[in-house]
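Participant: Here is the input, now give the coordinates:
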Amino acid sequence: MKQYGGVIKPKTKRAKRFLDNRAPKLTENIKNAMIMKGGNTSMTVTQALKDIYALKKPSAVLYKNTPCRLCKNSQSSVFCLCLQEFFSKKTDSSLFLFGSHNKKRPNNLIFGRLFDFHVLDMIELGIEKYISLSDIKSSKCPEGTKPMLVFAGEAFDHENDHKRLKSLLTDFFRGPVVPSVRLAGLEHVLHFTALEGKIYMRSYRSLLKKSGCRTPRIELEEIGPSFDFILRRTHLASDDLYKTAHRQPKALKPKKKKNISHDTFGTKFGRLHMQKQDLAKLQTRKMKGLRKRRGMFVNVSRQQCGGVLIDISF
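Facilitator: A predicted model of the protein is given here:
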């Protein structure tokens, strides 16, 4: 590929397909995640990164070596942003997970996402208690299973940091967007609970049992991993940048239809506008007995028959 005045022109068909895949689209590609560790890590952080990678596969890239060692100017546990943006462009990833360990912040995980290959949000979580996938002896869900996300706790609805954390975790674990899901495919549940300043992450497998009727009985079996997090530092985007990142193209916005509304249960209602009708010109059924004859006048008399007044025309 050659670059002329800031415009990259492909020389081969393979390069053209590569650029078309990276070009902006109405429906973007699946969000990939970079999972990497810092220069100093513990066994807990290393195993936690592997377990989260197992939940995120195949939309994730796990760096076994530490790419942050290349950045000699970075003295903090947070990796160099320029190096991170370089790897995000290389792997076409908009999510990242970084693990580190030091005396001040032990067993540290940083969840983050990017917008236009620049850091948008970063939230730092500390691991207080951890149970890995291998420690729980049970059958696991297949790779690439789309999980069901459950968030419990008032903090996810009222506190700003927890709201952003909920949005970030949803982006990280939601998987691909699919038009429909079969009942047997809903077998993986990720449960997040915010309670007393801590965040509990649990992973379950839903089992469909016989219930004696058409609707099966559902049981949850813990499969791991299990985390007890504590919220540490946050780096959140401004409201204007956050609003720009959530902007949708006009072609994807649903067109509003006139005179159509929905109630709380999803029932669709429509309103019809009709012109005022003249009942004198209303076409009725024609009968020979009621037809007027020529040369005869109509005399109307009233008789009483069975207690009911009727009009007779003759």
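Participant: alpha carbons only for contacts and neighbour counts from here, please
Facilitator: Will do.
Participant: for the protein, which strand is longest?
Facilitator: strand 118-131 (DSSP state E).
Participant: which residues touch that strand?
Facilitator: With contacts defined as C-alpha atoms under 8 Å, 6 or more residues apart in numbering, strand 118-131 is touched by 44, 48, 81, 85, 105-114, 165, 224-237, 242.
Participant: Just the buried residues from those residues, in ChimeraX please.
Facilitator: ChimeraX command restricting the contacts of strand 118-131 to the buried ones, with burial defined by 16 or more other C-alpha atoms under 10 Å:
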select :44,48,85,106,107,108,109,110,111,112,113,114,165,224,225,226,227,228,229,230,231,234,236
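Participant: Doesn't Val45 lie inside a strand?
Facilitator: No: using DSSP: H, G, I helix; E, B strand; the rest coil, the assignment for Val45 is helix, not a strand.
Participant: Just the pLDDT at it, thanks.
Facilitator: Here the pLDDT value assigned to Val45 is 91.
Participant: Can you get me a residue count around it?
Facilitator: By other C-alpha atoms under 10 Å, 24 other residues sit near Val45.
Participant: can you give me the helices for the stretch 1-150 of the chain?
Facilitator: Listed in chain order, the helices of the stretch 1-150 of the chain (DSSP state H, counting those that start in this stretch) span 13-22, 43-56, 81-91.
Participant: so can I have CSV of the ones you listed showing distance to Asp157?
Facilitator: Formatted as CSV, the helices of the stretch 1-150 of the chain follow (distance: least, C-alpha to C-alpha, whole Å):
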stretch, distance to Asp157
helix 13-22, 35
helix 43-56, 25
helix 81-91, 30
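Participant: where does the stretch 1-150 of the chain dip in pLDDT?
Facilitator: 1-7, 65-85 (pLDDT under 70).
Participant: List the contacts of stretch 176-190.
Facilitator: Here stretch 176-190 has contacts from 30-31, 141, 145-150, 201-207, using C-alpha under 8 Å, 6+ apart.
Participant: Next one: Gly39 from Phe229, what distance?
Facilitator: Note on Gly39: its distance to Phe229, by C-alpha to C-alpha, to the nearest Å, is 22 Å.
Participant: Describe which strands the longest strand of the chain pairs with in its sheet and in which direction.
Facilitator: With DSSP bridges as the test, strand 118-131 is paired with strand 108-115 (antiparallel), strand 226-235 (antiparallel).
Participant: Show me how far stretch 156-168 is from its chain's centre.
Facilitator: 15 Å (C-alpha atoms, centre = their mean, to the nearest Å).
Participant: pLDDT averaged over it, what's the number?
Facilitator: Mean predicted confidence for stretch 156-168 is 91.
Participant: Give the buried residues for that stretch.
Facilitator: Buried positions in stretch 156-168, judged by neighbour count with 16+ other C-alpha under 10 Å: Phe156, Asp161, His162, Arg164, Leu165, Lys166, Leu168.
Participant: likewise stretch 191-205?
Facilitator: Residues His191, Phe192, Thr193, Ala194, Ile199, Tyr200, Met201, Arg202, Ser203, Tyr204, Arg205 are the ones in stretch 191-205 that count as buried (16+ other C-alpha under 10 Å).
Participant: per-residue confidence at the third one?
Facilitator: In this model, Thr193 is scored at 93, pLDDT.
Participant: Relative to the helix or strand that contains it, what are the paired strands and their orientations?
Facilitator: Thr193 is located in strand 188-195, with elements delineated by DSSP states H and E. Strand 188-195 has the following sheet partners, assigned by DSSP bridges: strand 148-152 (parallel), strand 198-209 (antiparallel).
Participant: possible to save these as a markdown table with distance to Ala184?
Facilitator: Listed next are those as a markdown table, based on distance: least, C-alpha to C-alpha, whole Å:
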| stretch | distance to Ala184 |
| --- | --- |
| strand 148-152 | 13 |
| strand 198-209 | 8 |
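Participant: average pLDDT across stretch 231-246?
Facilitator: Mean predicted confidence for stretch 231-246 is 87.
Participant: nope, stretch 265-280 is what I meant
Facilitator: Per-residue pLDDT values over stretch 265-280 give a mean of 80.
Participant: Could you tell me the end-to-end distance of stretch 205-213?
Facilitator: Distance between the two ends of stretch 205-213: 22 Å, counting by C-alpha to C-alpha.
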